[in-house]
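Novice: Next one to model:
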Amino acid sequence: MAQVFQLADIVPGRFRALILLAAFASLRYGELAALRRRDFDPRCRTLTVRATLVERSDGSLTFGPPKTDAGIRTVTIPDAIRRDIRAHLDDFVDEDQDAIVFTGAKGAALRRSNFQTACKWRESVAATGLPGFHFHDLRHTGNTLASRTGASLADLMARMGHASTRAAMIYQHTARERDEHIADAQLADQAERDRARNGHGQRKKR
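Specialist: Numbers count the residues shown, from 1 in each chain. Here you go, the predicted model:
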C-alpha cells in the first residue's frame, strides 16, 4: 500500500488520482480512461462505471459499454483518497459534466502508451522498488486488499465488476492462504517463546 502512494507521488500530478483509483477502487485502465465528471457524486464518495475506452488495432479510440452488465457498477471511493479525487477534479477537469476526467496534457483521451510515456512508467515503478510492475497490477493489489477484509464473494464480484465467480474466488482463496500463513506464524512464534521460556535445548530430567 505504501508503494502505491509512493508511485502516486512520483508520477505527474494529473495522474495521481488515476493511480489511486486503479488500486483502491479496483478499476481497469479502460474504465478509468472513460470516466466523466458526471460519474462522480458531488462529494466524491462514489463513482459509477458506465463505459470503457477501447483502443482498436488500427489505433482508433472508441468509448463503449463495459463487456458485461457486471462492469456497470457504482464503487465507493475510500475516504483516505477522496481529497485527492476532489483536488484532481478541481485542478484538471472542466466543469462540464460530460468532461473526461483523465486526459493527456492537451486534453485528449488518454491512450495507454501516452500515459506510460508521460509517467516514465518503467523508471517510476523501479524507483518505488517494483521493477516489472504493470498497470493492471494496481487493480490486482486493490482486489487482494479487498479480499482480505472478509468481504463475501458477491461483494467482491460487485466491486470488481466480474460477471462470473471465478476471479473473485481466486482472490478469496489467496486471502484464505494468507490467513492460514498468519495463523501458523502466530503459533510458531508462540511455540518458540514457550521453548525459550522452558529452557529449550536443556536435557530433560530423568
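Novice: Against residue 23, how distant is residue 144?
Specialist: Residue 144 sits 10 Å away from residue 23 when distances are taken as C-beta to C-beta, to the nearest Å. (Glycine included, C-beta is placed from N, CA and C.)
Novice: Would you mind listing the residues in contact with the residue sitting nearest the centre point of the chain?
Specialist: The chain has residue 23 as the residue nearest its centroid, 1.5 Å off, counting by C-alpha atoms, centre = their mean. Listed by C-beta atoms under 8 Å, 6 or more residues apart in numbering, the contact set of residue 23 reads 4, 138-139, 141-142.
Novice: mind checking how far it is from residue 57?
Specialist: Note on residue 23: its distance to residue 57, by C-beta to C-beta, is 29 Å.
Novice: So residue 81 lies in a helix, does it not?
Specialist: Yes: the assignment for residue 81 by DSSP: H, G, I helix; E, B strand; the rest coil puts it in a helix.
Novice: nearest spatial neighbour of it, skipping sequence neighbours?
Specialist: Leaving aside its chain neighbours, residue 81 sits nearest to residue 20 (4.6 Å; criterion: C-beta to C-beta, 6 or more residues apart in numbering).
Novice: So for the one you found, what pLDDT did the model give?
Specialist: Model confidence at residue 20, given as pLDDT, is 96.
Novice: CA atoms only for the helix or strand harbouring it, dumped as PDB, please.
Specialist: When elements are assigned from DSSP states H and E, residue 20 belongs to helix 16-24. The C-alpha trace of helix 16-24 is given here as PDB (Å, rounded to 0.1, in the frame of the first residue of the first chain):
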ATOM      1  CA  ARG A  16      -2.000  10.800  -9.200                       C
ATOM      2  CA  ALA A  17      -5.800  10.200  -8.800                       C
ATOM      3  CA  LEU A  18      -5.700   7.700 -11.600                       C
ATOM      4  CA  ILE A  19      -3.100   5.600  -9.800                       C
ATOM      5  CA  LEU A  20      -5.000   5.700  -6.500                       C
ATOM      6  CA  LEU A  21      -8.400   4.800  -8.100                       C
ATOM      7  CA  ALA A  22      -6.800   1.900 -10.100                       C
ATOM      8  CA  ALA A  23      -5.500   0.400  -6.800                       C
ATOM      9  CA  PHE A  24      -8.100   1.400  -4.200                       C
END
